[in-house]
Each structure stands twice: as C-alpha cells, then as structure tokens.
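Enquirer: Pasted the sequence and its predicted model underneath.
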Amino acid sequence: MRPPTDLELAPGQVFREIREVFTDLGLLGSMISVEYEGAWYRISCDDTAFMVYRVNEFQGVRHHLPGWPVCLVNSHIIFEESGHPGLGQDHCACGVELDRWLEIVNEYCISNLSERFQE
C-alpha cells in the first residue's frame with residue numbers, strides 16, 4: 001500500500017473517480033478479461049473496490065496459485081504491484097500502473113464497441 005502524497009489524491013477520491021468511469025462505461029459490477037503482453041487479467045469494479053487480478057495459467061512458477069491481485073483501489077488503499085520494491089522486480093510482475101489499467105479498460109470498451117458495429 002502506498003500512502004497518498006501532497007501531489008496525489010486520497011484513495012477514497014481516486015476510487016470514487018474509478019467507480020464513476022466504470023458506471024459511465026456500464027461496467028460497474030461486471031468483470032472483464034483482457035490479455036495484456038501475453039498474460040490474462042480479470043478487471044472489475046463494484047461499490048467496494050477496483051481490482052486487477054492476474055490469472056495464473058498454471059505454467060512454471062506459482063503453479064499452485066489461481067492468480068494474484070496486481071492492482072487494488074478502494075476507499076482506504078491504493079495498491080500497485082509495480083510500486084513495491086521486490087514485488088515490482090519479480091519476473092511474474094506485470095509492471096503496469098493504475099493509469100495504464102484504466103487505459104486498458106477504455107481500449108477494451110472501444111474494441112468491443114467496434115466489434116458490435118461490424119456484426
């Protein structure tokens with residue numbers, strides 16, 4: 001967990017903004033699956049938290065885990081795997097920060113919308 005600095009918003013404010021984005025996109029309470037740089041992630045946001053969960057494909061290391069959170073934001077904390085010494089350097093770490101995850105969600109929505117119009 002990283003505490004907000006004077007230049008950052010408090011976790012509660014960040015979470016409210018994320019929840020608003022998911023509401024506007026019609027995704028609040030839903031889970032989406034995305035592939036990013038060869039790995040699969042589940043991304044969700046509801047009234048309690050925004051979470052990005054890396055899905056373990058049961059190959060090699062960490063074969064006993066179904067997956068692990070790489071980003072979590074709620075009213076009290078902002079956790080980014082990439083922001084923690086040690087975790088961010090792990091060979092299984094994704095290295096993606098919160099802002100990029102929100103861009104990925106937006107790209108997912110644009111991609112799905114364009115696919116619907118092509119049908």
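Expert: Noted; the coordinates are in hand.
Enquirer: Roughly how far does residue 111 sit from residue 75?
Expert: 30 Å (CB to CB, to the nearest Å). From N, CA and C alone the C-beta is placed, and that goes for glycine too.
Enquirer: In terms of neighbours, single out the busier of the two.
Expert: residue 75 (14 against 11; other CB atoms under 10 Å).
Enquirer: longest helix of this protein?
Expert: In the chain, assigned by DSSP state H, the helix with the most residues is helix 98-118.
Enquirer: for it, packing partners?
Expert: Identification of packing neighbours for helix 98-118 by 3 or more CB pairs under 8 Å, 6 or more residues apart in numbering; DSSP states H and E yields helix 11-24, strand 31-36, strand 39-45, strand 67-73.
Enquirer: got JSON lines for the ones you listed, with mean pLDDT too?
Expert: Listed next are the helices and strands packed on helix 98-118 as JSON lines, based on pLDDT from 0 to 100:
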{"stretch": "helix 11-24", "mean pLDDT": "95"}
{"stretch": "strand 31-36", "mean pLDDT": "94"}
{"stretch": "strand 39-45", "mean pLDDT": "94"}
{"stretch": "strand 67-73", "mean pLDDT": "91"}
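Enquirer: could you dump the helix or strand bottoming out on mean pLDDT in the chain to PDB, C-alpha only?
Expert: Within the chain, no helix or strand scores below helix 98-118, which has a mean of 82 by mean pLDDT, DSSP states H and E. What follows is helix 98-118, C-alpha atoms only, in PDB (Å, rounded to 0.1, in the frame of the first residue of the first chain):
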ATOM      1  CA  LEU A  98      -3.200   2.300 -12.300                       C
ATOM      2  CA  ASP A  99      -3.400   4.900 -15.000                       C
ATOM      3  CA  ARG A 100      -2.500   2.300 -17.700                       C
ATOM      4  CA  TRP A 101      -5.000  -0.200 -16.300                       C
ATOM      5  CA  LEU A 102      -7.700   2.400 -16.800                       C
ATOM      6  CA  GLU A 103      -6.500   3.000 -20.400                       C
ATOM      7  CA  ILE A 104      -6.700  -0.800 -21.000                       C
ATOM      8  CA  VAL A 105     -10.300  -0.800 -19.800                       C
ATOM      9  CA  ASN A 106     -11.100   2.000 -22.100                       C
ATOM     10  CA  GLU A 107      -9.400   0.200 -25.000                       C
ATOM     11  CA  TYR A 108     -11.400  -2.900 -24.200                       C
ATOM     12  CA  CYS A 109     -14.600  -1.000 -24.400                       C
ATOM     13  CA  ILE A 110     -13.700   0.700 -27.700                       C
ATOM     14  CA  SER A 111     -12.700  -2.600 -29.200                       C
ATOM     15  CA  ASN A 112     -15.900  -4.300 -28.100                       C
ATOM     16  CA  LEU A 113     -18.000  -1.500 -29.300                       C
ATOM     17  CA  SER A 114     -16.300  -1.500 -32.800                       C
ATOM     18  CA  GLU A 115     -16.800  -5.300 -33.000                       C
ATOM     19  CA  ARG A 116     -20.500  -4.900 -32.300                       C
ATOM     20  CA  PHE A 117     -20.900  -2.400 -35.200                       C
ATOM     21  CA  GLN A 118     -19.100  -4.800 -37.500                       C
END
